[in-house]
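Chemist: Provided below for reference: sequence and predicted model.
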Amino acid sequence: MTAARRLAGPLVLAAVLAVALLVGSGVLDAPHSAAAARAASIEREVRCPSCLDLSVAQSNAPSSVALRHEIAAEVARGEPTQRILDGIVARYGTDALLVPPAGGLTTVLWAVPVAIAAAAAVAGGSVVLRRRRAT
């Protein structure tokens, strides 16, 4: 077998792999417009009104589809992201956001378990140190 024939298989395999990686990476896809990307970002932040723990972007419920159209229309009109989110919160409440705004009760609800876990870790560490010193 000649050297060219021995290298043909690996070279073809490498070429197929390179083409697959190029296609899979999305380099050849049409670029998203800035407005579409912004609308998609907002849709990922808003909870589906009729679902549990799904974003508007993930859900195909009629309420989510309607909200996606509304978000796209507001983005097309040039509304700022925060104004769009504030309007959704005004209609549906703070539960409409997948990540609630920081501050107030939300901060307390996050801080208390963290403080309890830190205190438990310190207490556990001091018990372990006392036992080591006793032996």
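Modeler: Nice, thanks for sending it over. Residues are numbered from 1 along each chain as shown.
Chemist: Could you use CA atoms for every contact and neighbour count after this?
Modeler: OK.
Chemist: Buried residues in the helix ranked longest in the chain, which are they?
Modeler: In the chain, assigned by DSSP state H, the helix with the most residues is helix 105-134. By 16 or more other C-alpha atoms under 10 Å, helix 105-134 has no buried positions at all.
Chemist: That helix - what's its average pLDDT?
Modeler: Helix 105-134 carries an average pLDDT of 84.
Chemist: Against which helices or strands is it packed?
Modeler: Contacting helix 105-134 under the criterion 3 or more C-alpha pairs under 8 Å, 6 or more residues apart in numbering; DSSP states H and E is no other helix or strand.
Chemist: how is the chain carved up into domains?
Modeler: Domain assignment of the chain by automatic domain parsing yields the ranges 32-101, 102-135.
Chemist: So the most centrally placed residue in the chain versus residue 50, what's the distance?
Modeler: What sits nearest the mean C-alpha location of the chain, by C-alpha atoms, centre = their mean, is residue 44, with 6.8 Å. Using C-alpha to C-alpha, to the nearest Å, residue 44 is found at 15 Å from residue 50.
Chemist: Quick one: low-confidence residue ranges for this protein.
Modeler: Within the chain, the segments meeting pLDDT under 70 span 1, 27, 29-32, 101-104, 106.
Chemist: what about residue 78, is that helix, strand or coil?
Modeler: Assigned with DSSP: H, G, I helix; E, B strand; the rest coil, residue 78 falls in the coil class.
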